[in-house]
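Colleague: Based on what follows, work out the 3D shape:
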Amino acid sequence: MILAQLSEDEAQSLLYDWPFWARNKQLPPEGDWFGWLILAGRGFGKTRTGAEWVIDQVKCHGRRRIALVARTAADVRDVMVEGESGILAVSPPRFMPKYEPSKRRLTWPNGAMATTYSGDKPDQLRGPQHDGAWLDELAAWRYTESFDQVMFGLRLGDNPQWVGTTTPRPTKLIRELLKDRSVRVTRGSMQENRANLAAQTIVQLEKKYAGTRLGRQELAGAVLDDVPGALWTHTIIDDKRVTSHPDLKRIVVAIDPSTTSEEESAEAGIVVAGVSVDGHGYVLDDLSLRDTPARWALEAITGFHKFEADRIIGEANNGGDMIEQVLRSVLAKGERMPPYNKVHASRGKLTRAEPVSALYEQGMVHHVGNFAELEDQMCTWLPGETSPDRMDALVWALTELMVDGSKTSLARSKAKGLYPERQGRKPRGKR
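Modeller: Now for the predicted structure:
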């Protein structure tokens, strides 16, 4: 066997020879390009591709300042740097970078450096200059301004370039990049990498998601069009998206609870929203998660204090009494219970959702940043289907603020609220 005849040094060199092991789609496109956008399903090998590109660029192509950006700081650390296919895992031992988490920096033996950034902190990217950038899960970034700031900073060297690795979503940014002639696009699916994936994993994923829209997006890497008949479209949401909000006169945290933390169970939908003095609604955060009732209760209370909300609301038909009990059970000793209201689902889900959808069509609701999972649920739900958790929480929040509760909830808050310092005060300022 030829491999058995290799010396130890030759074997190690071959082990870290990425062009030898990579599929054609995992190698940089030929020609002159500024951006390389890899739109591929989960399991395609996007992370490995991005990590190998960075290593090759600093080792063989003279790049000295690389930006590493993901949706959050944790994603940069856990996926791009320390992940199983991240930079530290695939770097040759003789060209291993020194990672200094406190400085958000990797430094290679030749002096090249990469700095980590969080896509949810656009200001972090103002000012720094780079000659290369790896942008992970770009379609899920909360603020597209972060992408703009990266582009402004790509001005070092003779040929600055960026690589984006992401599961596709039909966001405005992705649609714009697909039309950009300076961007090369690679598309791929999980199936193309099946030789490196556990066979049982592939079987289970295909069994559950084959033929579904989620499967086409998450496994096949397709950029999907809006769903005919859905109450929301990505275009409607994108058109009124903002990066900050004005003064808000009311803020609520809405919960659509889960009762278990099993892997197959529904998420707990937790959405924070507010209404401004001119009557416009602002979706401030999506705190939804799949975890124990105690964990989602803590998340809701944390969101209540973080956004200085007036009230937490939960559906009485879906664990309304349970929600209040769980919220009380996680309070620290001496901590006051946030004002809580049970809301009653006296109407069907479609009847509740339609007025909220109409507010979006009228340009009255704005998302403060991107909320990938929430917006996917909104834009794929069809009347008659089981409504998803994040979307349900959104509908309850905006119904409370802008439909049913717009006239009566302030009086109710003053009568029953336990946080009098938040009553009768001036509206919350811009964020």
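Colleague: got the domain boundaries for the protein?
Modeller: Domain segmentation of the chain under automatic domain parsing yields 3-218, 234-422.
Colleague: can you give me the strands for the stretch 251-400 of the chain?
Modeller: 269-276, 281-286, 311-315, 340-343, 365-367 (DSSP state E, counting those that start in this stretch).
Colleague: Which of the ones you listed sits closest to Thr386?
Modeller: strand 269-276 (12.8 Å; CB to CB). (Glycine included, C-beta is placed from N, CA and C.)
Colleague: Could you check the angle the closest one makes with strand 281-286?
Modeller: 150 degrees (axes from the mean of the first three to the mean of the last three CA atoms, to 10 degrees).
Colleague: Figure out which of the domains of the chain is closest to Asp226.
Modeller: Using CB to CB, the nearest of the domains of the chain to Asp226 is domain 234-422, at 6.0 Å.
Colleague: returning to that earlier point: show me which of the strands of the stretch 251-400 of the chain has the highest average neighbour count.
Modeller: strand 269-276 (a mean of 26; mean count of other CB atoms under 10 Å).
Colleague: tell me how far it is from the chain's mean position?
Modeller: Strand 269-276 has its C-alpha centroid displaced from the chain centroid by 17 Å (CA atoms, centre = their mean, to the nearest Å).
Colleague: right, and Glu375 touches His234 too?
Modeller: Yes: counting by CB atoms under 8 Å, Glu375 touches His234, with 6.8 Å between them.
Colleague: Same drill for these two, tell me which one is more crowded.
Modeller: Glu375 (25 against 21; other CB atoms under 10 Å).
Colleague: Tell me the secondary structure at the closest residue to the more buried one other than its chain neighbours.
Modeller: What sits nearest to Glu375 in space, not counting adjacent residues and going by CB to CB, 6 or more residues apart in numbering, is Ile237, at 5.8 Å. Three-state call for Ile237 (DSSP: H, G, I helix; E, B strand; the rest coil): helix.
Colleague: Quick check, pLDDT for Ile237.
Modeller: You'll see Ile237 listed with a pLDDT of 94.
Colleague: Contact partners for it?
Modeller: Ile237 makes contact with Tyr360, His367, Glu375, Met378, Cys379, according to CB atoms under 8 Å, 6 or more residues apart in numbering.
Colleague: Tell me how far the first one lies from Gly274.
Modeller: By that I understand Tyr360. From Tyr360 across to Gly274, the span is 16 Å (CB to CB, to the nearest Å).
Colleague: Ok, the second one next?
Modeller: Here the distance between His367 and Gly274 works out to 12 Å (CB to CB).
Colleague: hey, where'd the helices end up in the stretch 1-150 of the chain?
Modeller: All helices of the stretch 1-150 of the chain, identified by DSSP state H, counting those that start in this stretch, fall at 8-15, 18-21, 46-60, 73-75, 87-90, 145-153.
Colleague: Please identify the deepest-packed of those.
Modeller: helix 46-60 (a mean of 22).
Colleague: Pull out the CA atoms of that one and give them to me as PDB.
Modeller: Only the C-alpha atoms of helix 46-60 are listed here, as PDB (Å, rounded to 0.1, in the frame of the first residue of the first chain):
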ATOM      1  CA  LYS A  46     -18.800  24.400   5.700                       C
ATOM      2  CA  THR A  47     -16.900  25.000   8.900                       C
ATOM      3  CA  ARG A  48     -14.000  22.800   7.800                       C
ATOM      4  CA  THR A  49     -13.900  24.700   4.500                       C
ATOM      5  CA  GLY A  50     -13.800  28.100   6.200                       C
ATOM      6  CA  ALA A  51     -11.200  27.000   8.700                       C
ATOM      7  CA  GLU A  52      -8.900  25.600   6.000                       C
ATOM      8  CA  TRP A  53      -9.300  28.700   3.900                       C
ATOM      9  CA  VAL A  54      -8.100  30.800   6.800                       C
ATOM     10  CA  ILE A  55      -5.100  28.600   7.500                       C
ATOM     11  CA  ASP A  56      -4.100  28.500   3.800                       C
ATOM     12  CA  GLN A  57      -4.400  32.200   3.500                       C
ATOM     13  CA  VAL A  58      -2.100  33.000   6.400                       C
ATOM     14  CA  LYS A  59       0.300  30.200   5.700                       C
ATOM     15  CA  CYS A  60       0.700  30.500   1.900                       C
END
